[in-house]
Structure formats: structure tokens, C-alpha cells
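K.L.:
pasted the sequence and its predicted model underneath.
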There are 2 protein chains.
Amino acid sequence: METKGRVLVVDDEPNITDLVAMALRYEGFDVDVAATGRAAVDTARSKPSSLMILDVMLPDIDGFEVARQLSLSGHRLPILFLTARDATEDKVRGLTVGGDDYVTKPFSLEELIARVHAILRRSAGASETNRLEFADLVMDLDTQEVWRGDEPIELTATEYRLLRYLMLNPRRVLTRNQILDHVWDYDFGGDARVLETYISYLRKKVDVVEPHLIHTVRGTGYSLRLPPQVR
Amino acid sequence: METKGRVLVVDDEPNITDLVAMALRYEGFDVDVAATGRAAVDTARSKPSSLMILDVMLPDIDGFEVARQLSLSGHRLPILFLTARDATEDKVRGLTVGGDDYVTKPFSLEELIARVHAILRRSAGASETNRLEFADLVMDLDTQEVWRGDEPIELTATEYRLLRYLMLNPRRVLTRNQILDHVWDYDFGGDARVLETYISYLRKKVDVVEPHLIHTVRGTGYSLRLPPQVR
DNA sequence: GGCAGCGCTCAGCGTTTCCTCAGGGATAGG
DNA sequence: CCTATCCCTGAGGAAACGCTGAGCGCTGCC
């Protein structure tokens, strides 16, 4: 498979780097991992990457300092910060100038990967509007707008992530677990039946008109597809 | 036969490893077996495999820990987890991102082998659509769609597994026991006449048109083939 | 501080699916 | 041609599965 680019993942929790690295490799990226700020700086300087995913809280020097040192030594690259949902969130906001962005922990893999793609797309200078389409369903990934035909659809954050995951994998049967893993936060330990609830919400907003696009595959999961029809 | 790859099967029940190893060897894989977590780690480190089938419940260190240790030491390989259908099922979720997957015990061999192929196909980066064809019968393994000619066919989960097994072994005569062993869970102890019932269901959906493809081989089993014809 | 929106849990209910069972048709052997 | 065996298929019940309405806590905004 052709590589999409090289990503440096920096976090001191192996659980996080494992999870993120696995997901990114599956997406077709080459991945390096660093567990400390110092190691991150060294790796970034010696091995050019397209993007760095950088935890703000690190055991030695913090993420901001890592970014600053790299910037000063002329090793510029886009950064996706990882931060806890607390006061530091505000600090990150001020520093994510340019192509940078941030995601709060815990995040869903869908969210993280969507941000990675968005950053790389921008840094590549691609000016085309970035949208997903399936049948008469359209999703604008930049503005987060969704239409069914000409009709705009208002979605909540979770509904949006769920629909985006479906639209990224059109026609394919997605198991309940695949969906839960990608759309919900990685530490979600609750009732797996949320999924059914949100499918129900989505249907009421997206599938009020024919043809229905969200199909249940009993015993397995769900699939975004046109109703069965003669080819 | 050219080898399809090397699979490491890890379970402390010899019944399981025997069953799975035999089925995989028959499919053309090279197979190694380990009965403990420690042995699994050692083998995985010393003998590179394409895939590991890993029971979560092991006598010494559990499957998650095995995966973690291998990941930390840089021995990356896709993992198919085996788990009981209970609380641990939820724990597996979150680990099955990327190329990984899981199957709950008791499973059917068909299901297991289908997952193995799916994982290897993805990790090989092959993006070709994955479909089985026999005569004018077509099965898409990604979307789980089936057509006879241009006519789409709706199948239940069991019907789908049965037809998939037939299509994976076209023209070959499959004994009732082979089919029961592969399509039904390995601990299925019920009435073996289910098979006839499901063959009947399939015929009503698949073989309503000529030529008939599902043939009874009296005293033995069934076979997917074109009717004998005079030349 | 109140209010609205959102995420999630829970429970009830209708539907689908799986499997069992039994009667009768088909087939091979004598 | 007769019979034993094998197989087919319709019916039905139990269980699994999935859908949805109701409600509760939390958060962010006015």
C-alpha cells in the first residue's frame, strides 16, 4: 500500500500510543512513537514526519516546550495536541496557530483520524472542498454540514461522528464493535446499546425519505447502502 | 500448495488448538501452537507469523498482556482474539481497532476462517473487492450482499454462512458432517437435520431459477455445481 | 440560577431467526 | 414392485435481537 505519510505519536502512556499507532497504521500511515519530550524532539529532528500527535502532559518537558524547541531549530511540522479536558485546554487554544489543532482526551478514533486528515489536507495546500457523498447524502467535512438531497440536516456531535464513520465505509457491513470502537471515546465502558439509540436518532433525521440508506444487518451490525436492487 | 502464511494459535484447550490448527492447515497455512501466554510471546518473538489467534483466557498471563508485551517489543502482527460471550467481550472492544478482530466462543470454523482471511487481506493492503462467484451466483464478502444473476438475495446469518461455505468449495461434495462442523458452532449438539432445513431455505432463495446449483448427494451430503449436461 | 440541548441508560415490545419436529415424497436395493 | 432409508419442507415455539419512548444527569449558555 502506498504510504500516506509519516506520523510521530508522542505520549507517555503506552495504551494511548498503541491505540493511536495501530489505528494510524491501519489507515496507511507510517508511524513512529516517542514516550518523552526529549525523545520526541530527537526523533522529529532526525526523521522528517508529516505530522506530530503530541500529548501536552509529558514526564520531562511538556508538549508546548517540545513544539517551541522544534520551531526554534527550524523543524516545522503540523502538530495535533492531545490534552485533558481541563484548564490546559485554554492554553492549547492560544497556541494552536497555523496548521495546528488539538483533541481532548478521551477522544474517539474517528475524531482523531478525521483531524489528522484535515491537517494534512490543509498543509498540502489542497483547496478543494472536502466532502463525503453517498447517494443523495452529502457531508461537508470542513463545515460539518449535512444534506439529504437539498434538505439540510442538523446533527448533534455524536450523530455526526456516527454518520461520518458510516459514510467513510459505504456499503461495507460494520460490526457493532467496529462502530463503537471508532465513534465512541476509547474509554467508553457503558452500555453498548447506545449505538442502537443513535442509529434510531440518525434514521429519524437522515432516513425520513426514501430510499432508506441505513440498513440493519441482523446479528452483525449496520451498513450504509442503497436498498437491494436489480443490477 | 504454496503457503498462505504462518499463523500462531494460542489456547490452553488442546481441543480448540487441534481443531483450529487442522482447519488452518487444510486451508494452506503453516501453523504453530502455544498453550500459555509465555509460550505465545516466546514463539511470536522467535518465529515471525502473519497472524495470531489468541485466547483471552490463559492460565498464566492473559491475552491482553500477551498482545501488550509483543507490541512493546516491536513485534507487531494482527491479532484475532478468542473470547467467551460474557463480560470479557466488552474488554476486547477497544483492542480491536486497526486490523485486529475478535470471535466469541463457541465459534464456527467458517466464521473463524473468514475472519482470518479478512484480516490478512486487509493487512496485505489489498484493496480489490473481495467476492466469490460460481456460475451466475455472486457473493460480496465485504458487504455481505448476494446476487443470483441480477437479482439480489436477502439471507439470514446462518443462511449466509452456509452458502459461503458452499461457494468456498465449489463442485466438491461436502459431507453433512463437514458442513455441520464448519458452519455451525463447534459445540453444536442439536439435531443434525437443521442442515436439511437450511438447505431448503437456501434453495427457496437461491435456486428458484434454473439451473439449480445446490445438489443433494444422497447418502453423503451436498455439492454446489452446475447440473450434469450432455455435450 | 434557570433552561435547553446533549449523551446515555433503561425497559418494554414487536419482529426475526434459529431450531425442533413430524408427515410425506423420493430413491436405491432387493 | 415393495420396503427401508434418506431427504424435503411446512409449521410452530422459544429465544435472541433490535427499535424506540421515557427519563435522568451533566454541561454550556443566557
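P.N.:
Perfect, I can see it now.
K.L.:
secondary structure class for the residue of chain A found nearest DNA strand C?
P.N.:
Of chain A, the residue with the smallest distance to DNA strand C, taken as CB to the nearest atom of the strand, is A:Gly190 at 1.9 Å. C-beta coordinates here come from the backbone N, C-alpha and C atoms, glycine included. Put simply, A:Gly190 is coil when judged by DSSP: H, G, I helix; E, B strand; the rest coil.
K.L.:
what sits against it?
P.N.:
If you count contacts by CB atoms under 8 Å, 6 or more residues apart in numbering or on different chains, A:Gly190 has none.
K.L.:
state the phi and psi torsions of it.
P.N.:
Backbone torsions for A:Gly190, taken as degrees, to the nearest 10, come to phi -80, psi -160.
K.L.:
cool, and A:Met52?
P.N.:
Phi and psi for A:Met52, reported as degrees, to the nearest 10, are phi -120, psi 130.
K.L.:
for the closest residue to it other than its chain neighbours, what are its contacts?
P.N.:
Of all residues beyond its chain neighbours, the one nearest A:Met52 is A:Leu8 (4.6 Å), with distances taken as CB to CB, 6 or more residues apart in numbering or on different chains. With contacts defined as CB under 8 Å, 6+ apart, the neighbours of A:Leu8 are A:31-34, A:40, A:43-44, A:47, A:49, A:51-53.
K.L.:
A:His212 against A:Leu224, yeah?
P.N.:
No. With contact taken as CB atoms under 8 Å, A:His212 and A:Leu224 are classed as non-touching, separated by 10.2 Å.
K.L.:
out of those two, which sits in the busier spot?
P.N.:
Neighbours around A:His212 and A:Leu224, counted as other CB atoms under 10 Å in any protein chain shown, are more numerous at A:Leu224. The numbers are 22 against 13.
K.L.:
for that one, phi and psi?
P.N.:
Backbone torsions for A:Leu224, taken as degrees, to the nearest 10, come to phi -90, psi 110.
K.L.:
what's the answer for the one 3 residues further on, then?
P.N.:
Note on A:Pro227: its backbone torsions stand at phi -60, psi 150 [degrees, to the nearest 10].
K.L.:
now for it: which residues touch it?
P.N.:
A:Pro227 is in contact with A:211-212, A:215, counting by CB under 8 Å, 6+ apart.
K.L.:
kindly recompute the last result at 7 Å.
P.N.:
Under the criterion of CB atoms under 7 Å, 6 or more residues apart in numbering or on different chains, the contact partners of A:Pro227 comprise A:211-212.
K.L.:
relative to A:His182, how far out is it?
P.N.:
Per CB to CB, to the nearest Å, A:Pro227 is found 25 Å from A:His182.
K.L.:
quick revisit: pretty sure the residue nearest to A:Met52 is in a strand, no?
P.N.:
Yes. Secondary structure assignment places A:Leu8 in a strand (three-state DSSP).
K.L.:
if it is in a bridge, with which residues?
P.N.:
With DSSP bridges applied, the residues forming beta bridges to A:Leu8 are A:Asp32, A:Met52.
K.L.:
the strands in chain A, which residues?
P.N.:
A:6-10, A:30-34, A:51-55, A:79-84, A:101-105, A:131-134, A:137-140, A:145-148, A:151-153, A:174-175, A:214-217, A:221-224 (DSSP state E).
K.L.:
deepest-packed of these, please.
P.N.:
Using mean count of other CB atoms under 10 Å in any protein chain shown, the stretch among those with the greatest mean number of neighbours is strand A:51-55 (a mean of 26).
K.L.:
so A:Val7 versus A:Arg115, what's the distance?
P.N.:
For A:Val7 relative to A:Arg115 (CB to CB), the value is 12 Å.
K.L.:
right, I mislabeled it, should have said A:Asp187
P.N.:
Counting by CB to CB, the gap from A:Asp187 to A:Arg115 is 18 Å.
K.L.:
ok, those two, which is more surrounded?
P.N.:
With neighbours defined as other CB under 10 Å, A:Asp187 and A:Arg115 compare such that A:Arg115 has more, 17 against 10.
K.L.:
and the helices in chain A?
P.N.:
Using DSSP state H, the helices of chain A run over A:14-27, A:37-46, A:63-72, A:88-95, A:109-123, A:157-168, A:176-183, A:194-206.
K.L.:
now mean pLDDT and distance to chain B too, for the ones you listed, in JSON lines please.
P.N.:
Formatted as JSON lines, the entries for those read as follows, by pLDDT from 0 to 100; distance: least, CB to the nearest CB, whole Å:
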{"stretch": "helix A:14-27", "mean pLDDT": "89", "distance to chain B": "4"}
{"stretch": "helix A:37-46", "mean pLDDT": "97", "distance to chain B": "15"}
{"stretch": "helix A:63-72", "mean pLDDT": "92", "distance to chain B": "22"}
{"stretch": "helix A:88-95", "mean pLDDT": "62", "distance to chain B": "24"}
{"stretch": "helix A:109-123", "mean pLDDT": "91", "distance to chain B": "6"}
{"stretch": "helix A:157-168", "mean pLDDT": "97", "distance to chain B": "12"}
{"stretch": "helix A:176-183", "mean pLDDT": "94", "distance to chain B": "5"}
{"stretch": "helix A:194-206", "mean pLDDT": "97", "distance to chain B": "11"}
